[in-house]
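# Structure for this input, please:
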Amino acid sequence: MSSKTGLEGTVLRQRTSSREKSDDEEEEIMVPHAQLANEANVDVEKMAHNTGGPGGEGQSNRKENGSVREMDNEIDTFHKADSATEPLLSQHEKESDSEEEMERTIVKKPAAETSLSIAFQVFFPYLIAGFGTVGAGIVLDIVQHWRVFVEVSEVFILVPALLGLKGNLEMTLASRLSTAANIGVMDTRKEQWKMIAGNIVLTQCQAIVVGFLASIAAVVMGWIPDGEFSLHHALLLCASSLVTASFASFILGSVMVIVVLLSKKFHINPDNVATPIAASLGDLTTLSLLAWISKLLYKAIETGHQLWLAPTIICIFVIIVAPLSAYGSYKNKYTNDVLFSGWNPVITAMVISSVGGLILDFAVSNYHGVAIFTPIINGVGGNLVAVQASRISTHLHSHSKPGQSLPDDAPKGCRNPCKTFFGGGTHSKTARVLFLLVVPGHLIFLYTISYLQAGHTTITLVFTLGYLIVALIQVALLLVIADWMINYIWRSALDPDNCAIPYLTALGDLLGTGLLALAFHILWLIGDRDSDVGD
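Coordinates of the predicted model:
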């Protein structure tokens, strides 16, 4: 049988094997093409024709006025008998499939990972991030003796809040971009750059607002114990916080974009590397900017010739930069909802970190050795829990949308903390890997500090044991909290990419600073006063 297509219609020739007709007889049936389109939803497969079989006395040939719908039951026979129409069917099916693929988002499921592959991908970014926190600790250990940090001690309250921006903003940005890369949103270049641009201006707006609020919190927390208020010191804190938050956010946001794009190009899971890399330069960049701008503004106030500098900086960022950034993120479809719904976790995290800053201010005044270790223990804990949070969030996004049912392997409430580490599933496997990275990582960082002869504390065996116990407790608590919190946020119809990491890193700052201060106090009480602990 052969297939011909004309302007008047489609001609199907059928060869019958009926006893009454010879094998050479053919019957032509005219089937209007428009009728086929309407009756069969433009599916060429509905053009099937009836064929007779051996002994088929009950089989009858179709006539010109026959119903097209009666052909449906003969589709399989038609495909076998009429090989000439197969190219047409194949071409039509390919065109239909390509149109459907362009109209829907394809969810990509990441391949299963082993513990070894997770450890391999996480360990090196974790080390790089850790050395970044070591650098930040050395910087803080040096600048704590600068005149501006001595005279305006409220700057110490700003330190955890501004260092926490990497968790509030940059790690959150990294998590959003990682999720988008894993589920296929960033597959087209146009959508890729729309999402990147929107997120950069969003983090700029959030950084300015959080920096401004952090400076107010530092002023209030410094004023309550002393009962003294200095307008020039308040302006210095506000201007320093705004410049540091804005510049650090732009630099680290750009780094995050590059890391996620490179991870996607080289087929590396960005959830494993993006958030640690965010912290590798985050603490060092933020702390260096804060120390530099604070020193500059303090000199301007001290000389009395440039008192206008701090108010001018505040006006530029609050009146010009912040509104423009807010407008840009409002017009972007990827960040519009976050602009309105993403403030609660960021501001709450800032308040939690500021409480940690108050503890740091008290601890540094009594134990100078705390300064160098605070960015390290806080940074390491935040980095590890951010990896887990980003991975869990990506897993949830690959199954459904926020507010919908959780996957079968997700906890439905507060479960036994042991199941976080020893339960089944990929997340328990990841939690074990991350927890086991704590001790070797911190030992490397402690050795680096000892080798550089930095800080005010001699690293003894007793100190090392106390420090490692504090680090293990901090990370274990954070991983257990993350296992519950992210699923709770999901059930509340919120996006964990926007909410979870700010809360977790802020809790990491509070736990790390508080436990470290407690460890130093205990070491002082039991007599580990070698060298200059507490001096």
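
# which regions of the chain sit below the pLDDT cut-off?
The chain contains residues with pLDDT under 70 at 1-112, 166-168, 171, 187, 271, 274-280, 406-415, 528-535.

# Now do the strands for it: every range, in order, please.
3-5, 10-15, 26-31 (DSSP state E).

# Do I have it right that residue 462 meets residue 524?
No. At 11.5 Å, residue 462 and residue 524 do not qualify as touching, with contact defined as Cβ atoms under 8 Å. Every C-beta, even on glycine, is put in place using the N, C-alpha and C of the backbone.

# In stretch 434-444, which residues are buried?
434-435, 437-438, 441-442 (16 or more other Cβ atoms under 10 Å).

# One more: stretch 294-310?
Quick answer for stretch 294-310 (16+ other Cβ under 10 Å): 294-298, 300-301, 309-310.

# how about the CA coordinates for it, as CSV?
The C-alpha trace of stretch 294-310 is given here as CSV (Å, rounded to 0.1, in the frame of the first residue of the first chain):
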residue,chain,number,x,y,z
SER,A,294,35.9,52.2,60.7
LYS,A,295,39.5,53.3,61.1
LEU,A,296,39.1,55.9,58.3
LEU,A,297,35.9,57.3,59.7
TYR,A,298,37.3,57.4,63.3
LYS,A,299,40.3,59.5,62.0
ALA,A,300,37.8,61.9,60.3
ILE,A,301,35.9,62.3,63.6
GLU,A,302,39.0,62.5,65.7
THR,A,303,40.5,65.4,63.6
GLY,A,304,37.2,67.2,63.4
HIS,A,305,37.7,68.3,59.7
GLN,A,306,35.6,65.7,58.0
LEU,A,307,32.6,65.3,60.2
TRP,A,308,30.4,65.4,57.1
LEU,A,309,31.8,62.1,55.7
ALA,A,310,29.8,59.6,57.7
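
# Off-centre distance for the longest helix belonging to the chain?
Ranked by residue count and defined by DSSP state H, the top helix of the chain is helix 189-226. Distance of helix 189-226 from the chain centroid (Cα atoms, centre = their mean, to the nearest Å) equals 17 Å.

# That helix - contacts with which helices or strands?
helix 155-163, helix 165, helix 171-182, helix 231-265, helix 322-330, helix 336-341, helix 343-366 (3 or more Cβ pairs under 8 Å, 6 or more residues apart in numbering; DSSP states H and E).

# out of those helices, which comes closest to residue 217?
Closest approach to residue 217 among the helices and strands packed on helix 189-226 (Cβ to Cβ): helix 343-366, 4.4 Å.

# List the buried residues for that closest one?
For helix 343-366, by 16+ other Cβ under 10 Å, it's 345-347, 349-350, 352-364.

# Relative to residue 310, how far out is the nearest residue to residue 135 once chain neighbours are set aside?
With Cβ to Cβ, 6 or more residues apart in numbering as the criterion, residue 135 has its nearest non-adjacent residue at 4.5 Å, and that residue is residue 284. Applying Cβ to Cβ, to the nearest Å, one obtains 25 Å for the distance of residue 284 from residue 310.

# Let's see stretch 421-440 as CSV, backbone CA atoms only.
Taking C-alpha atoms only, stretch 421-440 is exported to CSV below (Å, rounded to 0.1, in the frame of the first residue of the first chain):
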residue,chain,number,x,y,z
PHE,A,421,23.0,10.7,61.5
PHE,A,422,22.0,7.0,61.5
GLY,A,423,18.7,7.0,59.6
GLY,A,424,18.4,5.8,56.1
GLY,A,425,18.6,8.1,53.1
THR,A,426,21.1,10.4,51.5
HIS,A,427,20.7,13.2,54.0
SER,A,428,21.8,11.0,56.9
LYS,A,429,24.7,9.9,54.9
THR,A,430,25.6,13.6,54.2
ALA,A,431,25.2,14.5,57.9
ARG,A,432,27.7,11.7,58.9
VAL,A,433,30.2,12.9,56.4
LEU,A,434,29.9,16.6,57.5
PHE,A,435,30.1,15.7,61.1
LEU,A,436,33.3,13.6,60.5
LEU,A,437,34.9,16.5,58.8
VAL,A,438,34.8,18.7,61.9
VAL,A,439,37.8,17.2,63.8
PRO,A,440,40.3,16.9,60.9
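
# picking that back up, CSV for the helices and strands packed on helix 189-226, including distance to residue 457?
What follows is the helices and strands packed on helix 189-226, written out as CSV (distance: least, Cβ to Cβ, whole Å):
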stretch, distance to residue 457
helix 155-163, 18
helix 165, 27
helix 171-182, 29
helix 231-265, 27
helix 322-330, 41
helix 336-341, 42
helix 343-366, 12
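
# Relative to residue 218, which of the ones you listed is closest?
Residue 218 lies closest to helix 155-163 among these, at 4.1 Å (Cβ to Cβ).

# which other helices and strands contact the closest one?
helix 147-151, helix 189-226, helix 231-265, helix 270-303, helix 343-366, helix 370-397, helix 496-526.

# tell me which residues in the last one are buried?
The reference is to helix 496-526. In helix 496-526, counting by 16+ other Cβ under 10 Å, buried: 496-517, 519-520, 523.

# try the first one
Within helix 147-151, the residues that count as buried by 16+ other Cβ under 10 Å are 148-149.

# Just want the most central residue of the protein.
residue 175 (0.5 Å; Cα atoms, centre = their mean).

# what about it, distance to residue 449?
Counting by Cβ to Cβ - residue 175 and residue 449 are separated by 30 Å.

# Neighbours of the closest residue to residue 297 other than its chain neighbours, how many?
Nearest residue to residue 297, sequence neighbours excluded (Cβ to Cβ, 6+ apart): residue 236, at 4.7 Å. When neighbours are counted by other Cβ atoms under 10 Å, residue 236 registers 26.

# my read: residue 236 touches residue 298, true?
Yes. Contact criterion Cβ under 8 Å: residue 236 and residue 298 qualify, at 6.2 Å.

# Mind listing the shared neighbours of those two?
148, 152 (Cβ atoms under 8 Å, 6 or more residues apart in numbering).

# Now residue 455: phi and psi?
Backbone torsions for residue 455, taken as degrees, to the nearest 10, come to phi 90, psi -180.

# Near the spatially closest residue to it that is not a sequence neighbour, how many other residues are there?
In space, and not counting its chain neighbours, residue 455 is closest to residue 372: 4.0 Å by Cβ to Cβ, 6+ apart. Using other Cβ under 10 Å, residue 372 is surrounded by 22 other residues.

# what do you get for residue 314?
Residue 314, neighbours per other Cβ under 10 Å, totals 18.

# was I right about it contacting residue 239?
Yes. Between residue 314 and residue 239 there is a contact at 5.5 Å, judged by Cβ under 8 Å.

# Please dump the buried residues of stretch 434-444 into CSV; it should also carry distance to residue 144 for every row.
Putting the buried residues of stretch 434-444 into CSV (distance: Cβ to Cβ, whole Å) gives the following:
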residue, distance to residue 144
434, 31
435, 31
437, 29
438, 26
441, 25
442, 22
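
# which one among those gets closest to residue 123?
residue 437 (6.4 Å).

# and the closest one, what is it in contact with?
119, 122-123, 126, 384.

# With residue 508 instead?
Listed by Cβ under 8 Å, 6+ apart, the contact set of residue 508 reads 167, 378, 381-382, 385, 474, 478.

# Let's have these in TSV, adding distance to residue 188.
Output for the contacts of residue 508, formatted as TSV (distance: Cβ to Cβ, whole Å):
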residue	distance to residue 188
167	30
378	38
381	37
382	33
385	32
474	41
478	36
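
# Of all pairs in those, which one spans the longest distance?
Most distant of the contacts of residue 508, by Cβ to Cβ, are 167 and 474, 14.0 Å apart.

# Looking only at neighbour counts, state which of the two leads.
Using other Cβ under 10 Å as the criterion, residue 167 and residue 474 rank with residue 167 on top: 32 against 28.

# Against residue 118, how distant is residue 423?
16 Å.

# What of residue 129?
Applying Cβ to Cβ to residue 129 and residue 118 gives a distance of 16 Å.

# Could you check which of the two has the larger neighbour count?
Higher neighbour count among residue 129 and residue 118: residue 129, with 28 against 22, using other Cβ under 10 Å.
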